[in-house]
Structure formats: C-alpha cells, structure tokens
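A.B. asks: need coordinates for the below:
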Amino acid sequence: MKKILSATLFVGISLTLAACDWETILLEESSDSSSMGYYQFVNLVAQSPAIEIMVEDESIGELAFGDASSIEQVSNDSYDIEFNQILPNSTNDEFTSGDSISVSKNKTSTYIIYGDTDAPSSLTLTTDISDLYDEDFDEDYDAIIQFINLSNSAADIDVYWLNEGEDLLNKVADYTLAYEASSDEIEIESGSYKLVLTESDTDIIIASTDGITIADGDAQIFALTSYLIAGSDDQVNTIVNIESDGGRKLTNEAQAANVRFLHGISAPDYLDVYLDIYLTGANNDDEASLIASALEFGALSDSVDIEIENIDSGDTRNFYLLDNTTEDKIDTFSVDMQPSSRTLILTSGDTSSAITVNDNEEDLRVIDTHAKILVSHNISDIKSDAIDVLILNEGANPDSYSAQVELSYMNNEDYELESGDYDIYIYNASTDELIIETSLRGIEKGEVINLIATDYTYGGTPYELQTHINN
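C.D. replies: Numbering: from 1, shown residues only. All right, here's what the predicted structure looks like:
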C-alpha cells in the first residue's frame, strides 16, 4: 500500500557507523548518566558556494554542495548554529540568520540546509537508533532508512525501494513525497537494494541508483535534490548519499552522459565529430551519428546527450574526427562514459605531426553569488611544460602576485571569482615566460566561463586564449 506525504525532496543521506561502532557507543552510554546524542550537517543549497558551519561560534568545517559533516557525538543539549558562504575575493557572507539544533539521547539529528541561495530553508530529521543494539531488541529488521524530497524542479515524486537489479514491473510505490516531505523511518533487513524515483503516478524515472548496500546497524537517509547548470534551462537531478563521515552524490543511472568537444587541432579549418560509426561516403551520412559539425578552430561544440546502455560498468564509445572540407579522417579515439557524467573532450596538435585527445570531467553547476572559470591547457607547442594562470583585478601589477592555477597539458581546473573586470596573464611554468596576456571584462554573478589556452590557428605562436561564456 502506498503512503502519501505532502512534501517533496529526495536527498540520499546515509547516517552510518559500523555496527561495532554503534554497539560500543550505545553500550557505553547505557551506564553514562549524562547521556549523549549525535548531530550532522548537510549542505543542499544547490546554487551556493561552499558553506562554513559554525556551532557555538566554533567552525566545524566547510561543506560543498552535496556534502555532509561527519556525525559527531555530543551531550544532550541545544546548540546555536550559524552559516557563512565562502566567497572567493572578499569577506565571507553570513547569508542567513542563526538557528539552533537540539540533540537527544541515542538519536541522530541531521540538519539540512537547502533552497534559495540568498534565503535558504532548513529542516532537521531525527533518527532514533537506540533499538538497533538494545540487548533486548528482538525485531526482524537490521537497519533504518528514510527518504526526503528537496527537489523543487518536479511535482510529487513516487519512491520505489527495490531489491538490487529489480525493475518497476508490477511494483507499487512505497511512498509519494511532495516537496520538503520526508518518509517515516523504515525498518529493513541488511542487503543490496535499488532506489528508483519517478514523477508521481507515471513511469517517468527522475533518478535511479542500484547496488545500494545496507549493513547491520545502518541508519541511512536518501534525498533527491536538483541544480541548474550553465547553458541549460533544465535542472539536473541527483541523489545525495550522506554517510557517517561525509556525503557523496550517487550516480543517477536514469540520466544520459553528456559530452562536448573543443577543436584545437591546427590545419583543418572545420572539424566534424562522429559517434560510433565512421563512413567515408557522403551518401551514407544518414547512417552515421554526426554529433558536431563544422567546428571552427577554437570553437566549443554544443553539449550532446549520449544514452548509456551498460549502466553498471558504463560504455566505451568510439569517436571519429573528420576534416569537414576534405572528409579525410583525422583521428579515432574512445572514451569510457558513465551515466550522468559530464565530459569536455580537448583536441590538440597538428595533422602533419601528432594529435592529442583527452577527456576531462566538467562541472557546469551555476553558483549564484559569483562566477566560475574553467581553465584548460591545450597548447601543443609546449606540451611538455605546465602553464601558470594569473587572474587579477583590472590594473593590478602581476609582478606582485602568484599564479592561482597551474595546469599540465590537456588538463583543466576550476577557479571561482566575483563579478568585475579582470586581466589574465599566462606563463610557461618552466621558463616563466609570459605567453598570453588578455582581459575579461564585465564578469557577472552566475556565469560559467571556459578559458582554453591553445596554439595559433595554424600552429605555434602567438598562442591564443579561447573564451566561451556558457549561456
């Protein structure tokens, strides 16, 4: 029978200690008149930078989106808490009023902050773990799980808790959750399970993950959340699993992999990219999968979704690069892809010598409070050397500062900065030679910008910095 609750958010929180740890702690507490409980903090503010958690004016650490603090054992009491957003260039911002968290004997209080970046909401889930290792405990379950829906991107969500490898055929939802609703504590046996979330009363899967391990003594919470990425109006759904020592985003097996390409190969004016099938005959183009056409040198292709067939181990997909003008094959390469992965494929080199291809994970999550720069080293002419990247406020003296980013060839790195005007200096890390000098003007909050250092269009110098604002 399906239970219906009037609230929605689905974040996967795993409040788990090893069975022996819980047992030791609880047995020790049984003779401790002071009695103890536990607290944990979770950051699900989707478009926020990292958040510092303050308890009784003491910092317990910074949490990125989807992260959780370690479970901490504390005395039964009420604790004052504050939150600071970690901003890149200025004083951190206490962006929300203070709050408090209450801790009770043999219970875990999980404080979740979520919602709007400038005015977040919060809630506390309390899990009673006192029975799990009670000497007189004689029930037919081994662990406790709980669900919560904190994704505001969809209507009500149906929750299916299945055995590992099962599908939805003839299954009835265990819970229906509206936004901000959570399930009851659910008593289950240890084992391997699968979690599927659908739009309520439909077979449209929003998120799914298989192979979830539940051990004796576990107390886990699973939550669905969603976030915006640059260049798309659609939100990305993710299940976050919060364990006793932190949080992690689970692979959403219902979501396609996503890939895009940078044309950095000197010589061909325009580049075509094919997926899986390479055919030379123009009349056979309808049988091939052309996923990027006539890319100019330095151009970044649109994002392409690729459905993954083997969701357990991922797929190896083959790609073919063709000269758009001559239809000559330039290179063939393969990439291992997982569901919900987001990949930037860099191409570099020269058709007369050697071509290099590398795939990098790409984080396009929008941050409302400031901008994010994705910097890549794609200069084939100095492939044996790293580059140093210095990003300064307009007019600042570069001789007075050290580089913020160092990159080896064909790699990338994120760098966050506040809105404003900037000068950019790129050096050969081995020789300290200034190889690129340019500027970025009018950077705004929420922008995600790719900066890709490349050779000149026809090879060699002067090196160029390709700038792509992901709108």
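A.B. asks: tell me where the model's unsure across the chain.
C.D. replies: 1-34, 132-139, 154, 277-288 (pLDDT under 70).
A.B. asks: could you list the domains of it?
C.D. replies: By the record's domain assignment, the chain is partitioned as 3-250, 256-362, 365-471 (automatic domain parsing).
A.B. asks: isn't residue 37 right up against residue 108?
C.D. replies: Yes. Under the criterion of CB atoms under 8 Å, residue 37 makes contact with residue 108 at 7.2 Å. Heads up, the C-betas are built off the backbone N, CA and C, glycines and all.
A.B. asks: would you reformat the domains of the chain as CSV and include mean neighbour count?
C.D. replies: Below are the domains of the chain laid out as CSV (neighbours: other CB atoms under 10 Å):
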stretch, mean neighbour count
domain 3-250, 18
domain 256-362, 17
domain 365-471, 17
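A.B. asks: ok, the helix or strand encompassing residue 388: who's next to it in the sheet?
C.D. replies: Here residue 388, judged by DSSP states H and E, is contained in strand 387-393. Strand 387-393 has the following strand partners under DSSP bridges: strand 405-407 (antiparallel), strand 420-428 (antiparallel).
A.B. asks: which residues in the stretch 351-471 of the chain form strands?
C.D. replies: Counting by DSSP state E, counting those that start in this stretch, the stretch 351-471 of the chain has these strands, from start to end: 355-361, 371-378, 387-393, 405-407, 412-417, 420-428, 434-443, 448-454, 464-469.
A.B. asks: pairing partners for the longest one, with directions?
C.D. replies: Taking DSSP bridges as the criterion, strand 434-443 sits next to strand 420-428 (antiparallel) in its sheet.
A.B. asks: just the angle between the partner strand and strand 371-378, please?
C.D. replies: Angle between the axes of strand 420-428 and strand 371-378 is 20 degrees (criterion: axes from the mean of the first three to the mean of the last three CA atoms, to 10 degrees).
A.B. asks: distance between strand 420-428 and the chain's centre?
C.D. replies: Chain-centre distance of strand 420-428: 27 Å, with CA atoms, centre = their mean, to the nearest Å.
A.B. asks: stretch 357-372 too?
C.D. replies: Distance, stretch centre to chain centre, for stretch 357-372: 9 Å (CA atoms, centre = their mean).
A.B. asks: return the list of helices and strands in contact with the host helix or strand of residue 147.
C.D. replies: Here residue 147, judged by DSSP H and E, is contained in strand 143-149. With contacts defined as 3 or more CB pairs under 8 Å, 6 or more residues apart in numbering; DSSP states H and E, the packing partners of strand 143-149 are strand 120-128, strand 157-163, strand 175-177, strand 186-188, strand 219-228.
A.B. asks: swap the cut-off to 7 Å and go again
C.D. replies: strand 120-128, strand 175-177, strand 186-188, strand 219-228 (3 or more CB pairs under 7 Å, 6 or more residues apart in numbering; DSSP states H and E).
A.B. asks: didn't residue 271 look like it was pressed against residue 324?
C.D. replies: Yes. Contact criterion CB atoms under 7 Å: residue 271 and residue 324 qualify, at 6.2 Å.
A.B. asks: any idea how far the residue lying closest to residue 429 once chain neighbours are set aside is from residue 245?
C.D. replies: Leaving aside its chain neighbours, residue 429 sits nearest to residue 386 (4.0 Å; criterion: CB to CB, 6 or more residues apart in numbering). Distance, residue 386 to residue 245, by CB to CB, to the nearest Å: 33 Å.
A.B. asks: and the strands paired with strand 387-393: which comes nearest residue 298?
C.D. replies: Of all the strands paired with strand 387-393, it is strand 420-428 that lies closest to residue 298, at 15.2 Å by CB to CB.
A.B. asks: and the contacts of the closest one?
C.D. replies: Strand 420-428 is contacted by residues 382, 385, 387-394, 396, 398, 403, 433-443, 453, 465 when judged by CB atoms under 7 Å, 6 or more residues apart in numbering.
A.B. asks: which of the strands paired with strand 387-393 sits closest to residue 88?
C.D. replies: strand 420-428 (10.9 Å).
A.B. asks: can you give me the angle that closest one makes with strand 448-454?
C.D. replies: Going by the same axes, to 10 degrees, strand 420-428 makes 30 degrees with strand 448-454.
A.B. asks: and strand 420-428, C-alpha only, in PDB?
C.D. replies: Output in PDB follows, covering the C-alpha atoms of strand 420-428 (Å, rounded to 0.1, in the frame of the first residue of the first chain):
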ATOM      1  CA  GLY A 420      34.000  42.500 -12.100                       C
ATOM      2  CA  ASP A 421      36.800  43.300 -14.700                       C
ATOM      3  CA  TYR A 422      39.900  41.200 -14.800                       C
ATOM      4  CA  ASP A 423      43.300  40.900 -16.500                       C
ATOM      5  CA  ILE A 424      44.700  37.500 -17.400                       C
ATOM      6  CA  TYR A 425      48.400  36.500 -17.600                       C
ATOM      7  CA  ILE A 426      49.500  33.000 -18.600                       C
ATOM      8  CA  TYR A 427      53.100  31.900 -18.200                       C
ATOM      9  CA  ASN A 428      55.200  28.900 -19.200                       C
END
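A.B. asks: what's the angle from that strand to strand 464-469?
C.D. replies: 150 degrees.
A.B. asks: okay, the helices and strands packed on strand 143-149 in TSV with distance to residue 94 next?
C.D. replies: Formatted as TSV, these follow (distance: least, CB to CB, whole Å):
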stretch	distance to residue 94
strand 120-128	12
strand 175-177	31
strand 186-188	37
strand 219-228	23
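A.B. asks: closest one to residue 113 among those?
C.D. replies: Closest approach to residue 113 among the helices and strands packed on strand 143-149 (CB to CB): strand 120-128, 4.8 Å.
A.B. asks: now the angle between strand 219-228 and the closest one, please.
C.D. replies: Using the same axes, to 10 degrees: strand 120-128 against strand 219-228 is 160 degrees.
A.B. asks: what lines up beside strand 120-128 in the sheet?
C.D. replies: Within its sheet, and counting by DSSP bridges, strand 120-128 is paired with strand 107-115 (antiparallel).
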